[in-house]
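Visitor: fold the following, please.
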Amino acid sequence: MGFILRLLVNALALYLLARVYGGVSFEPGADLVSVLIAAVVMGIVNALIRPVLLLLSLPVNVLTLGLFTLVVNGVVLYLVAAATALNVAGFGAAIIGAIILAVISWVLDAAVGALKLDGGRN
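Guide: Numbers count the residues shown, from 1 in each chain. Below is the predicted model:
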């Protein structure tokens, strides 16, 4: 999937998350640029910080059979909210928001794949 398409899918997922779940929202007056910036920051945090967090939390992750990854994803969403126009009501809301965001992203990725917008990538 191309970078622009991936960015747009992430931006749409963040926007839908803010519309569906009350614990995550954008600041009043946030426009499309704010949503795109949040998507870019989410991509950067997922690429640079999330792997380090997963590596550091590996022992706890093994003990919890991978469920601690939900907490790491919540931390990632909380970091994105700290750096952008995204607002998260608390850490619990960040964990629930991360779960909902994963489901929304999965559905959007499946739709993009079904419509063959990703260039036929498997």
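
Visitor: how near is the residue nearest in space to the middle of the chain to residue 29?
Guide: Against the mean C-alpha coordinate of the chain, by Cα atoms, centre = their mean, the closest residue is residue 101 at 5.5 Å. According to Cβ to Cβ, to the nearest Å, residue 101 stands 22 Å off from residue 29. C-beta coordinates here come from the backbone N, C-alpha and C atoms, glycine included.

Visitor: before we move on, what about residue 45?
Guide: Residue 45 is 24 Å from residue 29, by Cβ to Cβ.

Visitor: more neighbours: which of those two?
Guide: residue 45 (18 against 7; other Cβ atoms under 10 Å).

Visitor: helix or strand for the more buried one, which one?
Guide: According to DSSP states H and E, residue 45 maps onto helix 32-48.

Visitor: packing partners of the helix or strand following that helix?
Guide: Counting by DSSP H and E, the next helix or strand C-terminal to helix 32-48 is helix 50-56. Here helix 50-56 touches helix 68-83, going by 3 or more Cβ pairs under 8 Å, 6 or more residues apart in numbering; DSSP states H and E.

Visitor: helices or strands up against the helix it packs on?
Guide: Applying 3+ Cβ pairs under 8 Å, 6+ apart, one finds that helix 68-83 contacts helix 32-48, helix 50-56, helix 58-63, strand 86-88, helix 91-114.
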